[in-house]
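K.L.:
Structure for this input, please:
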Amino acid sequence: QVQLVESGGGLVQAGGSLRLSCAASGRAFNNYHMGWFRQAPGKEREFVAAISWRGEYTHYFDSAKGRFTISRDNAKNTVYLQMNSLEPEDTAVYYCAAVQTMDWQLPSNRYGYNVWGQGTQVTVSS
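P.N.:
As a prediction, the model looks like this:
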């Protein structure tokens, strides 16, 4: 089972960009679908984006479409979330998640993933 460590969070002004990274340690990273979730204070953890084993498929939460891009580099055991045109409403702790599966469908529910990172804070100022 992989272990996940996120990085790249920080403080940015509205309209700015950030790129989050999630480094995975362990074996067979390319057997895992990967996802990004976020959780704002007082709110449920919500799905942001997901990517399949070798990047064949991606899926995004509606508010992320056109602004966020998920990608992965299996040679580096890393998944990325490029976030552009950030808004104050994007402020949250962002979590990386993984699930090892043979199913091509990408989970968009937190219960579809069984490995989680510790999270990285993203704060967007107005």
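
K.L.:
Spell out, range by range, the helices that occur in this protein.
P.N.:
Applying DSSP state H to the chain gives no helices.

K.L.:
which stretches of it form strands?
P.N.:
3-7, 10-13, 18-25, 32-39, 46-51, 58-60, 68-73, 78-83, 92-100, 115-116, 120-125 (DSSP state E).

K.L.:
Identify, out of these, the most deeply packed stretch.
P.N.:
Among the strands of the chain, strand 32-39 has the highest mean neighbour count (mean count of other CB atoms under 10 Å), at a mean of 25. C-beta here means a position set from N, CA and C on the backbone, and glycine is covered the same way.

K.L.:
and that one, what does it pack onto?
P.N.:
Counting contacts by 3 or more CB pairs under 8 Å, 6 or more residues apart in numbering; DSSP states H and E, strand 32-39 packs against strand 18-25, strand 46-51, strand 68-73, strand 78-83, strand 92-100.

K.L.:
Please tell me I have it right and residue 25 contacts residue 78.
P.N.:
No. Between residue 25 and residue 78 there is no contact under CB atoms under 8 Å: 10.6 Å.

K.L.:
and stretch 54-69, how far apart are its ends?
P.N.:
15 Å (CA to CA, to the nearest Å).

K.L.:
contacts for it?
P.N.:
Contact with stretch 54-69 is made by 30, 46-52, 70-72, 74, 81-86, 89, 104, 106, 108, as judged by CB atoms under 8 Å, 6 or more residues apart in numbering.

K.L.:
Fine by me, we can end here.
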